[in-house]
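any chance you can model this:
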Amino acid sequence: MHSRQKRLRASLEKQATVHPSPFGVGGVSRSMIALDDIVQNHPMSNAEHVVYEVHDILKAYYKVARKRFVDNVCMQAADYLLVTGPNNPLKLFSPRFVSSLTDNQLEEIAGEDAGLRRRRIALAKEVKDMEVGKKILAGVS
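I've put the predicted structure just below:
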């Protein structure tokens, strides 16, 4: 042990309270020290404070930078594989290919969902019926 550690241990032993073992006579009793006593007996120098503060700042920066790096790698990989790379799936949809598709094929690839289409048609019919009813009511009054 270094002399500083020995002095610290000696000063803390004076403030320690001995607690008997909860396991009876054969158990080992423990010395306990309040946390406030440790902090008071082990003050940090200004240099140590700066070291811990810089460490905390760097750790926070590292967390943010790591997340940003991972996001960038994922975005670049997705961009290369799906949009700009030599074997991207968008090359399949050339203007010539799309113009060669039948109306049914286009509807199947890029058309509106059947359930949504039915709902849109029903709502359009409901709007038309309400407009007719509005005209009837306007003519009555």
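
quick one: the helix or strand harbouring Gly115 to chain centroid distance?
Per DSSP states H and E: Gly115 is located in helix 114-140. In this view, helix 114-140 has its centroid 45 Å away from the chain centroid, taken as CA atoms, centre = their mean, to the nearest Å.

could you give the mean pLDDT of that helix?
Confidence over helix 114-140, taken as the mean pLDDT, stands at 92.

cool, and stretch 84-92?
83.

rewinding a little: in the helix holding Gly115, what counts as buried?
Under the neighbour-count criterion of 16 or more other CB atoms under 10 Å, helix 114-140 has nothing buried. Placement of C-beta: from N, CA and C, glycine included.

tell me the helices and strands packed up against it.
Contacting helix 114-140 under the criterion 3 or more CB pairs under 8 Å, 6 or more residues apart in numbering; DSSP states H and E is no other helix or strand.

quickly list the domain ranges of the chain.
Each domain of the chain is listed here as a residue range: 1-43, 45-110, 113-141, per automatic domain parsing.

distance from the chain centre to the longest helix seen in the chain, please.
If each helix of the chain is counted by residues according to DSSP state H, the longest one is helix 46-79. Its chain's C-alpha centre and that of helix 46-79 lie 15 Å apart, by CA atoms, centre = their mean.
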